[in-house]
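**Q** no sequence for this one, just the structure:
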Ligand code: GDP
Ligand code: MG
């Protein structure tokens, strides 16, 4: 069983809990507890694999914290902003920059984390403050996926969005595995070169 750890981050009231609950239950309930953080579990079957998905949905206050442990914990991120709230777009941008910050040497990641930027509350496009192109550009510039949707009105789109990021995470797992095995192959070659040659010369 593969463990997949996904963190849903973004400003307060952008719909992180609404998106998570929509994905897990296909329902939109309108009001969500915001004073505690949750890790939800879901078993999935995707690309021929059994997955144990963990979704981290932070409490509201968390947005202001350092997020260092979340950044380390997660295999991938859904970064949410509200298309009718410009300040939430600024928070999303700050989070993306934080995730894409060059790693310090002692905690280098072999492969860049999968990130999907989500412009939520598309049903409020009559009071839109952030253009689709702006979201798309921020995502492209930072090697993220992008979509706009509505947790309130769209069930299938929300499901597809989560599947998309999970597939990206699985692709990264494969890449890491490949690098690791080619790394150990080249180490084996090196050992063979050193000791193999020495043995010959005796
Ligand atoms: P969180 O703080 O990011 O977890 O945000 P919540 O999931 O608690 O949502 C904050 C508020 O936005 C709630 O009142 C939700 O009902 C509302 N909300 C969430 N998603 C949508 C959406 O797609 N459209 C609209 N109109 N409201 C939404
Ligand atoms: Mg919440």
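**A** Right, received. Where do you want to start? Everything numeric in this text was worked out from a predicted model, so none of it was measured. Ligands and ions are numbered 1, 2, ... in the order given.
**Q** Helices of the protein, start to end?
**A** 16-25, 68-73, 86-100, 132-141, 156-201 (DSSP state H).
**Q** which of the ones you listed is buried the deepest?
**A** Mean neighbours per residue, mean count of other Cβ atoms under 10 Å, is largest over those for helix 16-25, with a mean of 22. No exception for glycine: its C-beta is placed from N, CA and C like everyone else's.
**Q** Contacts made by that helix with the rest, please.
**A** Identification of contacts with helix 16-25 by Cβ atoms under 8 Å, 6 or more residues apart in numbering yields 8-10, 27-29, 32-34, 38, 40, 42, 55, 57-58, 78, 80, 118, 120, 151-152, 155, 158-159, 161-162.
**Q** Model confidence at the spatially most central residue of the chain, what's the number?
**A** Geometric centre of the chain, nearest residue: residue 77, 1.7 Å, by Cα atoms, centre = their mean. At residue 77, the pLDDT value in this model is 98.
**Q** Leaving out sequence neighbours, find the closest residue to it.
**A** With sequence-adjacent residues excluded and distances taken as Cβ to Cβ, 6 or more residues apart in numbering, residue 77 is closest to residue 115, at 4.8 Å.
**Q** Let me see the contact set for the one you found.
**A** With Cβ under 8 Å, 6+ apart, residue 115 has these contacts: 76-77, 79, 96, 99-100, 142-145.
**Q** Ligand 1 versus that one, what's the distance?
**A** 17 Å (Cβ to the nearest ligand atom, to the nearest Å).
**Q** Start the count at 10 instead of 1 going forward.
**A** Got it, the first residue is 10 from now on, which makes the last one we talked about residue 124.
**Q** Tell me, what's the model's pLDDT at that residue?
**A** For residue 124, pLDDT reads 98.
**Q** And it, how far from ligand 2?
**A** According to Cβ to the ion, to the nearest Å, residue 124 and ligand 2 sit 19 Å apart.
**Q** and what of residue 174?
**A** 18 Å.
**Q** show me the contacts for the nearest residue in space to that residue that is not next to it in sequence.
**A** Leaving aside its sequence neighbours, residue 174 sits nearest to residue 125 (Cβ to Cβ, 6+ apart; 4.3 Å). Taking Cβ under 8 Å, 6+ apart, we find residue 125 in contact with 85-88, 153-156, 170, 173-174, 177.
**Q** just these now: which is nearest ligand 2?
**A** Closest approach to ligand 2 among these (Cβ to the ion): residue 87, at 12.7 Å.
**Q** partners of the closest one in the sheet?
**A** Per DSSP bridges, the residues bridged to residue 87 are residue 17, residue 125.
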